[in-house]
Every structure is written in C-alpha cells, then in structure tokens.
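1. Sequence and predicted model, in that order:
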Number of protein chains: 2
Amino acid sequence: MSRFLSGLYSELEPYTPGEQPKDKKYIKLNTNESPFSPSPKVLEAISHEVINDLNLYPDPEVTHLRTAIAKHFGVDKQNIFVGNGSDDVIAFSVMAFCGRGGSLACPDISYGFYPVYAKLFGVNLTEVPLRGDFTVNVDDYLPFDCPIIIANPNAPTGLMLSVNEVEKLINQNPDRLIIMDEAYMDFGKASAVELTKKYDNLLVIQTFSKSRSLAGLRVGFAVGNEKIINDLETMRFSFNPYNINSLTIKAAAAAIADANYYDTCIDTVINNRERTKTDLEKLGFRVLNSKSNFIFASHPNYSAKSLYEELKNRGILVRYFSKERIKDFIRITVGSKEQMQAVITNIEDILKG
Amino acid sequence: MSRFLSGLYSELEPYTPGEQPKDKKYIKLNTNESPFSPSPKVLEAISHEVINDLNLYPDPEVTHLRTAIAKHFGVDKQNIFVGNGSDDVIAFSVMAFCGRGGSLACPDISYGFYPVYAKLFGVNLTEVPLRGDFTVNVDDYLPFDCPIIIANPNAPTGLMLSVNEVEKLINQNPDRLIIMDEAYMDFGKASAVELTKKYDNLLVIQTFSKSRSLAGLRVGFAVGNEKIINDLETMRFSFNPYNINSLTIKAAAAAIADANYYDTCIDTVINNRERTKTDLEKLGFRVLNSKSNFIFASHPNYSAKSLYEELKNRGILVRYFSKERIKDFIRITVGSKEQMQAVITNIEDILKG
C-alpha cells in the first residue's frame, strides 16, 4: 500500500474472484457462469443506432430497464434498484443499511464477499454457523436486531431455505432488514420476491449473471419496498448516478422480456445438475441437495484439493475453498451435457488412480 | 428515507445530474457531451461474437483496456486504473485516500460531486475560494496537508492551470496527494499525465465521456504511480471487481487506439468554441477563457436564469447553477457548428426582447 491509503483499510482483504487462467483453453466450471449464450434478443437490442448514440449519457433513472424488470416480477418501477452487477447492489446495501460502526449478520459459510464488504465499510460482522448438515437455521438469527444477509440458495453449498422459512425470518423482527441474495434462485424456484409486496423489511437481490447468461454485461438488481429502494437510490446518486451504461440498459431489458428462452436454459441446467448429482453419487461422492447451478461434492477417499488440481491438469476448472469447514468439497458449476460428461469421465479416471 | 438507512447519511444530498427531459427533442447543450458519434472502430469492436460470449465474466484485471490506455499515454498497465465512468474513479479515490474522518480540499466553485463524496464518505471538506476572476491560485493550497482535488480545466468555469502551476502544487508537499480531475483536458492540451512519471504524489483522472464521445459507455480512468494504482485496485476488488463489462472493455480499447478520429473531433470542438466565444462577446457577454468543451458566459443586462429558461422554451438546453458566485452565468456545451449557430441566433433574438 502507498503512504496515501487511509489507515481505515490497513486490514482490508480484497475478494478473490474465481481464477481466469489464460495459459490454455479450459472447460470452465469455476465461476457459475451459464453454458449458454444470452437470448438472441440481446444481439438485436445492441443495434448500430444504440452504439452510435453512445456520445450521450445514459438515463440516470434507468427507467427502461427498471420498468422491464418490474414487469417481469409484477411490481412497480419504484420497487426496483439496478446495479452494475449484484456485487454493486450488495455493496450499496451494506453501505446504506449498516455503515461504518454498524452491524451485519450472515452465515459462516456463504458468499465470500460479505466479510470483505464488512471490512471495507467498517461494519461489525457476526458469522452465524450453519448447522452440521450445512443448512441455515433461521432460529439462529432471532437474537440479531441488525441487518441480516443470506444467500439463498446459499453458496457454495447450493442449499435453499423455503419461502416459509424466509417469511419466518422476516417476522422475527419487523424492524430488522432481511437481505436475501437470490443470485441462484432461478434454479431453485422459491423466490421471496412476492413477500416484498407484504413486508417492508425485506430486500431481495438477484442478478443477470447466472440464469440470464449475462455475466459479462454486469447487471444486478434489488426488489423491495419503495422506501428501501429510495435509500439505495440516494446512495447511487451520491456515488455514481450513471452506473448502468446505455448498452446494458437496452440489452438487459431485452433479455428479461425473453422468458421463454431463459426458461429452456434453466430447465436444461436443472436436468444436467440432477444427472450429474446421480452420477457423482454412483462414484461414492456425498453431494449436497443443490438448488443452484453448481454442485458441492465431497469424496470420502479422495482429497478435494487433489481432485481440484487433477481436474485442472486435465483442463477442467472447478472451484476449491481451503476454509476449514468446507475443505473436503469441490464446487462444480453445472455446464452443458457434454461438459458434465467430461467431468464425470475424468473424475472416474482420477479415482481409479 | 426508510427506518433502515444508517444515520450516517441523514444529511446526504445526492448529486443532481443535468436534466434529461423527455417532453420534447432539445438541442442538448447541458451535460458536456460530444456532438459526434464514437469512432467507427467502436462499432466494429462490439461484434456478434463479443455479445454472444456475454455469458462469461469479464476479465477482472481489465488487462485489454488498461493496456490500450497505457499505450496511449506511454506508461505501463500498472499505472492505469479503470472505473465505471470517472465518477467511479473519483469515488474510489476519495474513499481510499481520505476515508471517514479524513480531509479533502477543493476549489469552492468546481465539480458539484466533490462535496457529495465528502458527505457520503464522512470526509471533512475545505472549499478553497477561487480568485475573483475565477482562476485557481495554487498558493492558496499551501496550508493543506490533506489530499487535494482540482478539476483542470475547472468546471463550470472552463479555466485551466498550466502544467507548471500543477507541478508547483505537487512540489509544495511531496507527502500530500494531488488529484487532478482532467475530464476536459483533451480540449485544453496541458495534461499533467507526464508528471506522474516523475512524482508519486499525483493522480490524474480522465474520462471517455467527453472528448471520446462515449458518455453512454461509462469509462473513466486514473494514471499514477503503481503504488497509488494498487491502492485503488484494492478498493475495487473489495467493492466490485467486475466493474467494467466485456463490451465496454472492447469498445473503449478500440476507441482510444483511434487517435486520428478523435483528434479531428477535438479540433472541431475547439474551433466551434472559439467562434462561439467571439460571437457571444459581440453580443455583449463576458465569456471566460474556456479550455474545455463548454462556455461559461454572463450578460450584463440579462439575467442568466431567464436566459436559461428562454432558451429551454425555444428547445435549447443549457445549464444554470443557482450557487451565489456563479448565478449570473450560463454554461453552454460546445456542440456542432449548426447547434452553436442556433444558440447564437436564439440568444440574439432573446436579447432583442
């Protein structure tokens, strides 16, 4: 660090994104991307006219995209906040609703960015242990009156709370904000978005990076009560009012309107997930009951770290976390049928030694 | 505000972007956009292949674009930080180098976002008065040992410090960080970028939104010593490592490589600026010596607010600031020759009453 960096950040540990090696072409199953291209409507939306108009600023209200997302969920534009990827939305949320000196609670095994945000914004984070079977116990959150953030389905386990359990969490304390990070929810189909119409202490965050095949475009959004969304808008207009570019506005709006295309993609991923789960179980793996587009699996006789390394040597990239409670697992993104077949064949081979 | 927003932000006043009215088609000269479309290379760069690959995350290191910008300035990739618009870069800079409880100094008349960032991040801001003629006096900054941010050319005056004056500011105190916000520098041609090779307490921020006709794409960047850039990277990887999308990386890299195209655009704007300045002076205006792509002008016999309103009624949008010291001025973006002719004709007409 330079002598100019504020001492506030002396213990900051930045997030480590999944590796993006450039040494060779991998079967890339380490960052939970979709194996499918985005909807053909995205290609149409990024027209020559839109590109030639890039000399003009985008609409800072992001009206076109917010309206399209609102329509998809049957809510109003005022209930939608849009960010430059869902990381942006989570960052603004932690900054807004916790802030330096405030508090936040989240599961001990979850999205690795939550503790980074806590350090960045000077927030006191309590990491609440998952149960032994890696499920979230909502009763464990009863003692906390600070905001709570839970990834649902959780990462990297893939396990999911039901809508009823989420509602229980919301009802525990109406003056406490519940942030549900539903990045993977299209593969779990138990979204809490409907509950935002009933409760004003719920913020649901989703993304275009997974089920909508647009990780490269950077769009995330939040659905919630108008007052909470207004708070996030206050933050956005105080940080970067033009955070969504003109191409992204057009492309993402076209994407979310093409539900048919994405429903097919999602169903294919779910089928591939279930098939891969069965195949891995046949090979002796313990596989958690994932409701996401990735699989979290552990083999009783083969070290997860070695398996990750062996697969990498063979040109297949999966993700390994060295954190104590999950160091026996690898996380495999669910890709195409062919990709998953390659995974199974190679693992079979590796296990044979 | 909701009951969930942190009390830290109770006095936050978000930035107000220039209005983007949708009631009719305006000659839009209020947000300092370029009147020209981006380079044709931008159109080529956003290929069908790039769009179809949007299911994959962008390169979080932004290598392709950082390398292209570095090449343009004759520095290394390690000297370049890229943000989602220069607002993003300024936000990260204030957060990193001041931080809650820290301090910052800037001119009293300058880019309206600086005081917003100070409030957002809890930074103590000192606004140093410009001289009576609206110029920056670098000697006024001698007493400050906190980071200093100066827009150069300054907004909304358009007045510019010379490279020698900037170097004097840097030399006043080598342990103080100087942030030069050069959003408009391509129209002034006195950039301090070269000084970043010599001094490690200088950060120069530029943008693709003005001279590069890409306001709609959202790209800003900073040039500086590797250690300062690393600090900004630490912040970015702790906030939003994928802040630049894949289309933007390709398009902006193609743009900055097409210097010939942009040199012509810039020269045209400079010519239009000088012609408009002369025309306005003939109509009795006091016109500051702008080195940017906008003109700051005041008429002795006609209220600036009324002139702004009259022009708006006639379909020409310029910017008016109600702030005490500058309430007698309007700011007119320099557009095409035809647009500037329309401005002059209409003002002439309005002055005749």
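-> In hand now; what should we look at? Numbering: from 1, shown residues only, chains lettered A, B, ... in the order given.
2. counting contacts, what elements does the longest helix seen in chain A pack onto?
-> Taking DSSP state H as the criterion, chain A has its longest helix at helix A:259-282. Judged by 3 or more Cβ pairs under 8 Å, 6 or more residues apart in numbering or on different chains; DSSP states H and E, helix A:259-282 is in contact with strand A:286-287, strand A:294-298, helix A:337-352. C-beta: built from backbone N, CA, C; applies to glycine.
3. Each with direction, which strands does the first one pair with?
-> In the sheet containing strand A:286-287, the strands it pairs with under DSSP bridges are strand A:294-298 (antiparallel).
4. Tell me the first helix or strand C-terminal of the partner strand.
-> helix A:304-313 (DSSP states H and E).
5. before we move on, the earlier item: now the longest helix of chain A: buried residues?
-> Buried residues in helix A:259-282, counted by 16 or more other Cβ atoms under 10 Å in any protein chain shown: A:261-262, A:265-266, A:268-270, A:272-273, A:276-277, A:279-280.
6. Can you get me a residue count around the residue nearest to A:Glu19 when sequence neighbours are not counted?
-> Once flanking residues are discounted, A:Glu19 sits nearest to A:Asn30: 6.7 Å by Cβ to Cβ, 6 or more residues apart in numbering or on different chains. Other residues within reach of A:Asn30, judged by other Cβ atoms under 10 Å in any protein chain shown, total 25.
7. Report the contact partners of A:Asn30.
-> Taking Cβ atoms under 8 Å, 6 or more residues apart in numbering or on different chains, we find A:Asn30 in contact with A:18-19, A:317-319, A:331, A:333.
8. What subset of those is buried?
-> Using 16+ other Cβ under 10 Å as the burial test, these include A:18, A:317-319, A:331, A:333 as buried.
9. thought A:Phe296 was touching A:Thr157?
-> Yes: A:Phe296 lies in contact with A:Thr157 (Cβ atoms under 8 Å); the separation is 5.3 Å.
10. shared neighbours of the two, anything?
-> A:288, A:290, A:326.
11. can you tell me how far the residue in the stretch 251-353 of chain A that chain B sits nearest to sits from A:Pro60?
-> At 7.8 Å from chain B, A:Ala251 is the closest residue in the stretch 251-353 of chain A, using Cβ to the nearest Cβ. If you measure A:Ala251 against A:Pro60 using Cβ to Cβ, to the nearest Å, the figure is 18 Å.
12. which one of these two has more residues nearby?
-> A:Ala251 (29 against 19).
13. how about that one, secondary structure?
-> helix (DSSP: H, G, I helix; E, B strand; the rest coil).
14. Do you know the pLDDT at it?
-> pLDDT, A:Ala251: 98.
15. swap in A:Lys24?
-> On the pLDDT scale, A:Lys24 is placed at 76.
16. Show me the strands in the stretch 101-250 of chain A, by range?
-> Secondary structure of the stretch 101-250 of chain A by DSSP state E, counting those that start in this stretch: the strands cover A:103-107, A:124-128, A:148-151, A:178-181, A:202-207, A:220-224.
17. May I see those strands organised as a markdown table, with mean neighbour count and distance to B:Ser246 added?
-> Converted to a markdown table, these look like this (neighbours: other Cβ atoms under 10 Å in any protein chain shown; distance: least, Cβ to Cβ, whole Å):
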| stretch | mean neighbour count | distance to B:Ser246 |
| --- | --- | --- |
| strand A:103-107 | 23 | 30 |
| strand A:124-128 | 16 | 32 |
| strand A:148-151 | 26 | 24 |
| strand A:178-181 | 26 | 23 |
| strand A:202-207 | 25 | 15 |
| strand A:220-224 | 27 | 16 |
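18. Could you save the ones you listed as CSV and add columns showing distance to chain B and mean pLDDT?
-> Putting those into CSV (distance: least, Cβ to the nearest Cβ, whole Å; pLDDT from 0 to 100) gives the following:
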stretch, distance to chain B, mean pLDDT
strand A:103-107, 11, 98
strand A:124-128, 13, 98
strand A:148-151, 12, 98
strand A:178-181, 10, 98
strand A:202-207, 9, 98
strand A:220-224, 9, 98
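19. Any chance of a markdown table for the ones you listed, columns distance to B:Leu56?
-> Conversion of those to a markdown table gives the following (distance: least, Cβ to Cβ, whole Å):
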| stretch | distance to B:Leu56 |
| --- | --- |
| strand A:103-107 | 28 |
| strand A:124-128 | 31 |
| strand A:148-151 | 21 |
| strand A:178-181 | 21 |
| strand A:202-207 | 14 |
| strand A:220-224 | 17 |
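20. To B:Ser6, which of those lies closest?
-> For the strands of the stretch 101-250 of chain A, proximity to B:Ser6 was assessed by Cβ to Cβ; strand A:103-107 is nearest, at 10.6 Å.
21. mind checking how far A:Asn230 is from B:Asn171?
-> Counting by Cβ to Cβ - A:Asn230 and B:Asn171 are separated by 46 Å.
22. out of the two, which sits in the more crowded spot?
-> Taking neighbours as other Cβ under 10 Å, A:Asn230 and B:Asn171 compare with A:Asn230 leading, 16 against 12.
23. Which pLDDT value goes with the more buried one?
-> 97.
24. if I pick it, what's in contact with it?
-> A:78, B:1-2.
25. repeat that with 10 Å
-> Contacts here follow Cβ atoms under 10 Å, 6 or more residues apart in numbering or on different chains; on that basis A:Asn230 touches A:78, A:81, A:224, B:1-2, B:5.
26. just A:Glu165 next, same as before
-> A:135-139, A:150, A:152, A:190, A:192.
27. Spatially, which two of those are the most separated?
-> That would be A:Asp139 and A:Ala190, which, of those, are the farthest apart (Cβ to Cβ) at 19.0 Å.
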